[in-house]
Structures are given as structure tokens and as C-alpha cells.
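Novice: Sharing a sequence plus its predicted fold:
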Amino acid sequence: MVDFDLGIFYWAGVFIAFFSSFLILGKQKKRTQDFLLAIWFLIIGIHLIFFIIFRADGFLKYPYLIGLELLLPFMHGPMLYLYIISVTGRELSKKIWLLSGSSVLVVYLLLFQFLTLSPQNRAMVYLNNGRGYELLSDIIKILMMFSGVFYVTLSCLEVRKYKKRISEQYSNTEKINLNWVYYLISGIAFIWIAVIIRNDILIFSMVVLFILVAAYFGISRVGILDFPVIAVEKEADNESIKYQKNSPGDEVIQTTYKKLVERMKGEKLYKDSELNLNHVAQLLEVHPNILSQTINSMENKNFYDYINRQRIEEFKKLAVLPENQKYTILSLAFESGFNSKTSFNRNFKKYMDCSPREFLKSQNLDMK
């Protein structure tokens, strides 16, 4: 009864993987990340089918499949990495494609001699628990664990670099949702932990749960059928900030900084909660790269930190005015340019080393 239930469970995972893939491919406006996710779901579905067949000793009916199942685990790490790169706005260069395909190619070359055996001979090796291929089996297991750790680590580093890039361009990042990529990376990480434990039932049960969660958050919650997984403004998709190798020169930086300070003081640009680097650069009539380098050089901050420091200072000025004592802390935070209570509290504590309420108390102010 347990085996029967697990069989249904695994086939349900296959159905969800294929169905999710077809849904994504059915989008009217497909992007690179959509194709990658659809292909990955197909690979997961095929991998589950292989497991179901081998679990029921199906290799005796289909001996020509033996050995091919060893290639599939090495596809998931690269697919995760390619998807994360695509969804965070980086170009998929030839170097990235080569890195992603290298693990599968290496394993294929290692297995080439075994795969050239007749199906009957492969079945005999399988029935004899890999006798004669013990070293190859150990190498494959080590490479499999290394592949999982390697690509999960690369994916985490890619998300970290992405967070750094958006802080160079946006003054508020709360609307940029990274939950989806965290779910994917965490899910794959847990599966690779099961791989290290070497429990096939646990591994593929977690794979089914992973595809359930991935389909739910990737389609129902995040709305991947309608728009990109990570919602960023159009200009962030079209242009990522690339620092110039050579400095634009002290005179240019000084001039740009002077114009920036004047516009900030005179027009209080930071009060715009959607303010971004490109917009400010257009107002100052300078290239975004030059503006970014100016802020880094003169303030030793990125764009995000620079603007939010301005907002904190504005809040402090507003909070001490007698006519503003009737307002709440949050309303003054919004007036200063913040778009959420979380962002305000986090930035205030970061720059002031105390909470907003503690600061107001030190000023003998009582505000809700």
C-alpha cells in the first residue's frame, strides 16, 4: 500500500512538472528565463520517470536506459544557475553556457565506455551492483555531490551580486521580490543534502515536493505567466551599471557632485519613493555611470545608501517641528520618501544606531 501511494505520488510529480512546463511555454511573451524554467521542469519530469522505472526494476525491460539516468542529476545545478542568471538580468554569455554544460559533458565522457556496452552487458553490470566499475561509480558520486554544492554556491553569489547591483540603482528595493529565487535555491540545496545522505526515496520525494512548491510559487503566487519573476523597472533590464575603468576626472566628479547637492537641497528629490539613479542622471544631464562613481567617490556610499541617508535627515528635521507633532512617525517617514515601515526602521537604525522611537525620546518628543 505504501509503495502504491508513493508511485502515485511520483507520477503526480511527473504530471505537475510537464504541465507546468507547458503552461510556461504557452505564455504569449516568453523571455529567456521562461524557456529555461520550462526546460528545467521537463528535465525534472524525465528524471522522475527514470526513477519510477528503475524503482520498479524496469531496467530489465529497458536495459538501453541504464547509465543515462546518471547524466540527469548533473543537469539540475546548471539549470538553476542559468535560470538565476537570466532572471536577475545578466546576459548568458558563451563562458556561462560552457561552465553550465561542462559538468554534464565531463560525466558523459566518463560514462562513454560504459554507455557503448550492449544493453544486456549494462544490465549485467547493474545486476552485479556495478562490479568492475566501482571506481567509476565512486567518482560519479563525488562529482554529483560537488556539482550540487558548486552550482548552489554560484547561484547564491549571483543573487548577492544582483542585490548589490540594484542598490547601485534604486533608492527603494522593497518592491523587487527575491523570494522566488530563494525558494528555488533553498529547495535544490535541501535535495542535494538528501543526495549526500544517499536515500533515493527521500531524494525523489523531496523532488516531487520541490516541483509542487516551484509550480505554486512560480505560476500561481508570483504570476510567472504574466510577467518576469523579479519585477524591476524597464531601464534596469536594458542597462546594468558598468563602472568605467578610467575615472572621469576630479573636475567632472566635483561638478557633478555640486549639481547633485544643489538639486537635492533645492528640490528634495529623495522625497520621491520611486527615485532611481537613471532618473537623477537625466536631471543632472550626466551618464548614470558618472553619477554612480561621483556618489561612491564623494560620499563613500552607493545610490541606495546615499538617498536613504537624505531621507533620514529629512525625517529628523520634520519630526522636531512643533506643527508636526500631530502626525504619526510613519506618516512623516512616508513624507520623507520611504515607502514602507520596514525600510524606514531598518535604514534609521543603520544610520542612527537607534530606533526612530528611541531617537524621538532623546529629543523629548512623544509621537505615535
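Specialist: Structure received.
Novice: For this structure, give me the ranges with low pLDDT.
Specialist: 1-5, 174-177, 218-247 (pLDDT under 70).
Novice: Longest helix of it, counting residues only.
Specialist: The residue-count maximum for a helix in the chain (DSSP state H) belongs to helix 134-169.
Novice: Tell me which other helices or strands that one touches.
Specialist: Packed against helix 134-169 by the contact rule (3 or more CB pairs under 8 Å, 6 or more residues apart in numbering; DSSP states H and E) you find helix 73-87, helix 94-115, helix 179-197, helix 277-284, helix 303-319. Any C-beta I mention is one placed from the backbone N, CA and C, and that applies to glycine too.
Novice: Same question for the third one: list its buried residues.
Specialist: Neighbour-count burial for helix 179-197 flags 180-181, 183-185, 187-189, 191-192, 194-195 (criterion: 16 or more other CB atoms under 10 Å).
Novice: And these, which is closest to Gly89?
Specialist: Each of these was scored against Gly89 by CB to CB, and Val181 proved nearest at 12.0 Å.
Novice: before we move on, the earlier item: run the chain-centre distance for the longest helix of the chain.
Specialist: 12 Å (CA atoms, centre = their mean, to the nearest Å).
Novice: hang on, the earlier thing: can you lay out the helices and strands packed on helix 134-169 as a markdown table showing distance to Ser343?
Specialist: As requested, those are exported to a markdown table (distance: least, CB to CB, whole Å):
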| stretch | distance to Ser343 |
| --- | --- |
| helix 73-87 | 23 |
| helix 94-115 | 33 |
| helix 179-197 | 16 |
| helix 277-284 | 17 |
| helix 303-319 | 8 |
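Novice: if you compare the ones you listed, which one is most tucked away?
Specialist: Stretch with highest mean neighbour count among those: helix 73-87 (a mean of 23; mean count of other CB atoms under 10 Å).
Novice: Name the helix or strand for Val208, please.
Specialist: According to DSSP states H and E, Val208 maps onto helix 200-215.
Novice: one step back: and the longest helix of the chain with helix 94-115, angle?
Specialist: Helix 134-169 and helix 94-115 are oriented at 170 degrees to each other (axes from the mean of the first three to the mean of the last three CA atoms, to 10 degrees).
Novice: Which positions within helix 134-169 qualify as buried?
Specialist: Neighbour-count burial for helix 134-169 flags 137, 140, 143-145, 147-148, 150-152, 154-156, 158-159, 162, 165-169 (criterion: 16+ other CB under 10 Å).
Novice: do stretch 32-49 as well
Specialist: Buried-residue list, stretch 32-49, by 16+ other CB under 10 Å: 33-34, 36-49.
Novice: So which of those belong to helices?
Specialist: Among the buried residues of stretch 32-49, DSSP H puts 33-34, 36-49 in helices.
Novice: related to what we said a few turns ago, next, the angle helix 303-319 makes with the longest helix of the chain.
Specialist: 40 degrees.
Novice: Closest one of the buried residues of stretch 32-49 to Thr328?
Specialist: Nearest to Thr328 out of those is Gln33 (CB to CB; 40.8 Å).
Novice: quick one on the thing from earlier: got CSV for the buried residues of helix 179-197, with distance to Gly7 too?
Specialist: Converted to CSV, the buried residues of helix 179-197 look like this (distance: CB to CB, whole Å):
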residue, distance to Gly7
Trp180, 30
Val181, 32
Tyr183, 27
Leu184, 27
Ile185, 29
Gly187, 22
Ile188, 24
Ala189, 27
Ile191, 20
Trp192, 24
Ala194, 19
Val195, 21
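Novice: tell me which of these is nearest to Leu68?
Specialist: Once CB to CB is applied, the member of the buried residues of helix 179-197 that ends up nearest Leu68 is Val195, at 18.0 Å.
Novice: any idea how far that closest one is from Leu284?
Specialist: From Val195 over to Leu284 the distance is 52 Å, taken as CB to CB, to the nearest Å.
Novice: What of Lys317?
Specialist: Separation of Lys317 from Leu284 (CB to CB): 24 Å.
Novice: And Asp57, by the same measure?
Specialist: For Asp57, the distance to Leu284 equals 71 Å [CB to CB].
Novice: Could you do Ser137 as well?
Specialist: With CB to CB as the criterion, Ser137 and Leu284 are 63 Å apart.
Novice: right, and Arg122 touches Leu70 too?
Specialist: No: if you go by CB atoms under 8 Å, Arg122 and Leu70 don't touch, sitting 11.3 Å apart.
Novice: for the nearest residue to Phe54 once chain neighbours are set aside, what are its contacts?
Specialist: Excluding the flanking residues, the one nearest Phe54 by CB to CB, 6 or more residues apart in numbering is Glu69, at 6.5 Å. The contact partners of Glu69, by CB atoms under 8 Å, 6 or more residues apart in numbering, come to 47, 50-51, 54.
Novice: Ramachandran coordinates for Glu69?
Specialist: With angles defined as degrees, to the nearest 10, Glu69 sits at phi -70, psi -20.
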